[in-house]
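S.K.: Have a look; sequence and predicted model below, questions after that.
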Amino acid sequence: MITESLYHQVIADTPALKVVAAVAQQMETPTYVVGGFVRDLILGRKLKDIDIVCVGSGIQLAKTIGESIGAKPVVHKNFGTAALKIEGEEVEFVGARKESYRSNSRKPIVEDGNLADDQNRRDFTINALAISLNKDDFGQLLDPFGGMQSLEDKLIQTPLAPDETFSDDPLRIMRAIRFASQLSFDIEADTFNAIKEMKGRLEIVSQERITDELNKIILSPKPSYGFKLLFHSGVLAHVFPEMVKLQGVKVIDGKAHKDNFYHTLQVLDNVSEVTNDLWLRWAAILHDIAKPATQRFHKKAGWTFHGHEDLGARWVPRIFKQLKLPLNDKMKYVQKLVRLHLRPIALVSEKVTESAVRRLLFEAGDDIEDLMKLCKADITSKDHNRVRRYLSNFKKVEEKMIEVEEKDHLRNFKLPVTGELIMETFEIKPSRVVGDIKNEIKEAILEGTIENDYDQAFQLMLDLGQKRGLSRSGN
């Protein structure tokens, strides 16, 4: 955390803010840099987009600055904001305002205000900090709600009464948990109690905005912390009920299964240690999502979850649609990893057959490395010797994959002969027999009966056709 004496120097040395300050002072418009930029400046985090509040018209300030640098701001009249790129930095301008809300709407009644009014409407004390860009008090920190102390205490709390803050804008419930997860902060007791009491207000917030905050939690350094806050506050049951069903342990005849909710969180953390990819992290979240639906107890075998990987994969499109996640290749990628996540584990033995490796390479394609990351993350046993043994065997599987791939080239595998070639060779029309021949050739390659080679595949095609009484054209 930087010292207060350095604020004005950092602000003065930021090219975009030098431009804003110069024009604002010339216009005699009281202007401040606020919010996340100030918070991250104090925390010594990477500085991103700059938010500017002025007493007056933020749009007019942006336009005047734009004229001075030969740029045109993007204006959002409905919101009273403008965005302008200055010295390579994205800067957003807004006039200071005060807001009031109706109980059944997130659309505020907005009026012009001063800096204090604008700070009053901020979500958390750590985001209500402002630094002056004015000539008389340039670089001075304005902290009416003890935001600095909150940063020192690593605490998320609201500037006003938390029930008022969350009632005005229920998305702040998600934002509180998101900031706590991103910054590894605690949530102040009254603030957390208000989250629990007011979680129902999230019903008036769009799913897209809720999911955006959820994704930011997932991208936290240790996302399990954010999910535990979501779970214990009751928010997770509102925004992602399928995940809540994973929680809990049943015991019959002294036999218990692991808590699949906390197992999932451990897998998510494990994956997060090796990748920042949002969709691989989503695959970790969803890999066991269908376990509650497939849970069975057998007196001899104990608890089983047969087929949870296939059912979970079938659920992925519905969950993505429900959460307004993209229904595109990202969804198909997650679906594939969920469906295949047990396959490498099944290969963990002293004797790994080439045909099993070929099939896995064929199905996983270019996502095989990510699948292996997920599978390694899925080993969460408290028995450290067991974990080491599995990881050691995974290494053998990976070595076998490299060996088979170099020889057979099965990633993104395409059959050496096509359906068109089969029809042309035997002078037949599209039919089931064409698919049968293609499938037998594919199986022969995956089993290692023939190599992934055109000549061998073509000869097998001729043999298969002959068995079916088909004659080669021209004969």
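M.R.: Good, I have the coordinates.
S.K.: From here on, just use CA atoms for contacts and neighbour counts.
M.R.: Noted.
S.K.: Grab the longest helix from this protein for me.
M.R.: Determined from DSSP state H, the single longest helix within the chain is helix 384-408.
S.K.: Show me what it is packed up against.
M.R.: Where contact means 3 or more C-alpha pairs under 8 Å, 6 or more residues apart in numbering; DSSP states H and E, helix 384-408 is packed against helix 343-346, helix 354-364.
S.K.: Show me the shaky parts of this structure.
M.R.: Across the chain, the ranges flagged by pLDDT under 70 are 1-8, 99-111, 349-352, 408, 410-412, 474-475.
S.K.: Residue 357 and residue 446, how far apart?
M.R.: Distance from residue 357 to residue 446, counting by C-alpha to C-alpha, to the nearest Å: 9 Å.
S.K.: Show me the strands in the stretch 251-400 of the chain, by range?
M.R.: For the stretch 251-400 of the chain, applying DSSP state E, counting those that start in this stretch gives strands covering 251-252, 255-256, 296-298, 302-304.
S.K.: Export those strands as TSV, with columns for mean neighbour count and distance to residue 138.
M.R.: Putting the strands of the stretch 251-400 of the chain into TSV (neighbours: other C-alpha atoms under 10 Å; distance: least, C-alpha to C-alpha, whole Å) gives the following:
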stretch	mean neighbour count	distance to residue 138
strand 251-252	12	65
strand 255-256	12	64
strand 296-298	13	67
strand 302-304	16	66
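S.K.: Any chance of TSV for those strands, columns distance to residue 405?
M.R.: Converted to TSV, the strands of the stretch 251-400 of the chain look like this (distance: least, C-alpha to C-alpha, whole Å):
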stretch	distance to residue 405
strand 251-252	44
strand 255-256	40
strand 296-298	38
strand 302-304	34
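S.K.: Out of those strands, flag the one nearest residue 84.
M.R.: Checking the strands of the stretch 251-400 of the chain against residue 84 by C-alpha to C-alpha gives strand 302-304 as the closest, at 57.4 Å.
S.K.: What strands line up against that closest one, and which way round?
M.R.: Strand pairing for strand 302-304, determined by DSSP bridges: strand 296-298 (antiparallel).
S.K.: quick one on the thing from earlier: let me have the helices and strands packed on helix 384-408 in TSV, extended by distance to residue 419.
M.R.: Output for the helices and strands packed on helix 384-408, formatted as TSV (distance: least, C-alpha to C-alpha, whole Å):
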stretch	distance to residue 419
helix 343-346	29
helix 354-364	19
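S.K.: what about residue 441, how many neighbours?
M.R.: 24 (other C-alpha atoms under 10 Å).
S.K.: do the same with the one 4 residues further on
M.R.: Neighbouring residues of residue 445 were enumerated by other C-alpha under 10 Å; the total is 23.
S.K.: what does residue 132 give?
M.R.: Neighbours of residue 132 under the rule other C-alpha under 10 Å: 23.
S.K.: For it, what are phi and psi?
M.R.: In terms of degrees, to the nearest 10, the main-chain angles of residue 132 are phi -70, psi 140.
S.K.: quick one: the nearest residue to residue 450 once chain neighbours are set aside and residue 438, what's the gap?
M.R.: Using C-alpha to C-alpha, 6 or more residues apart in numbering and skipping the chain neighbours, the partner closest in space to residue 450 is residue 444 (5.8 Å). For residue 444, the distance to residue 438 equals 10 Å [C-alpha to C-alpha].
S.K.: Same check on residue 118?
M.R.: Residue 118 is 68 Å from residue 438, by C-alpha to C-alpha.
S.K.: again with residue 265
M.R.: 42 Å.
S.K.: Equivalent analysis for residue 92, please.
M.R.: To residue 438, residue 92 is 58 Å away according to C-alpha to C-alpha.
S.K.: rewinding a little: would you indicate which residues of the helix or strand encompassing the residue nearest to residue 450 are buried?
M.R.: Assigned by DSSP states H and E, residue 444 falls within helix 432-447. For helix 432-447, the neighbour count (16 or more other C-alpha atoms under 10 Å) marks 433-434, 437-438, 441-442, 444-447 as buried.
S.K.: send the alpha carbons of that helix over as CSV?
M.R.: This file holds the C-alpha atoms of helix 432-447, laid out as CSV (Å, rounded to 0.1, in the frame of the first residue of the first chain):
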residue,chain,number,x,y,z
ARG,A,432,-26.5,-46.5,-44.1
VAL,A,433,-23.8,-48.7,-45.6
VAL,A,434,-21.6,-45.6,-46.3
GLY,A,435,-21.7,-44.7,-42.6
ASP,A,436,-21.0,-48.3,-41.6
ILE,A,437,-17.9,-48.5,-43.8
LYS,A,438,-16.6,-45.1,-42.5
ASN,A,439,-17.2,-46.2,-38.9
GLU,A,440,-15.4,-49.6,-39.4
ILE,A,441,-12.4,-47.8,-40.9
LYS,A,442,-12.3,-45.3,-38.0
GLU,A,443,-12.5,-48.2,-35.5
ALA,A,444,-9.7,-50.0,-37.3
ILE,A,445,-7.4,-46.9,-37.0
LEU,A,446,-8.3,-46.3,-33.4
GLU,A,447,-7.7,-50.0,-32.5
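S.K.: shift numbering so it begins at 524
M.R.: Sure, I'll start counting at 524 from here, so that last one is helix 955-970.
S.K.: Which helix or strand lies directly C-terminal to it?
M.R.: helix 977-990.
S.K.: tell me what that next one is packed against?
M.R.: For helix 977-990, the packing partners by 3+ C-alpha pairs under 8 Å, 6+ apart come out as helix 955-970.
S.K.: Centre of the chain to the helix it packs on, how far?
M.R.: Put simply, helix 955-970 sits 39 Å off its chain's centre (C-alpha atoms, centre = their mean, to the nearest Å).
S.K.: and residue 810, what is it in contact with?
M.R.: By C-alpha atoms under 8 Å, 6 or more residues apart in numbering, residue 810 lies in contact with 787, 832, 835, 860-862, 864.
S.K.: Adding neighbour count and distance to residue 750 as columns, could you present the residues you listed in CSV?
M.R.: Shown next, in CSV, are these (neighbours: other C-alpha atoms under 10 Å; distance: C-alpha to C-alpha, whole Å):
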residue, neighbour count, distance to residue 750
787, 24, 10
832, 26, 22
835, 22, 20
860, 28, 21
861, 29, 20
862, 22, 24
864, 23, 22
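S.K.: Could you single out the nearest of those residues to residue 736?
M.R.: Checking the contacts of residue 810 one by one against residue 736 (C-alpha to C-alpha), the nearest turns out to be residue 787, at 19.5 Å.
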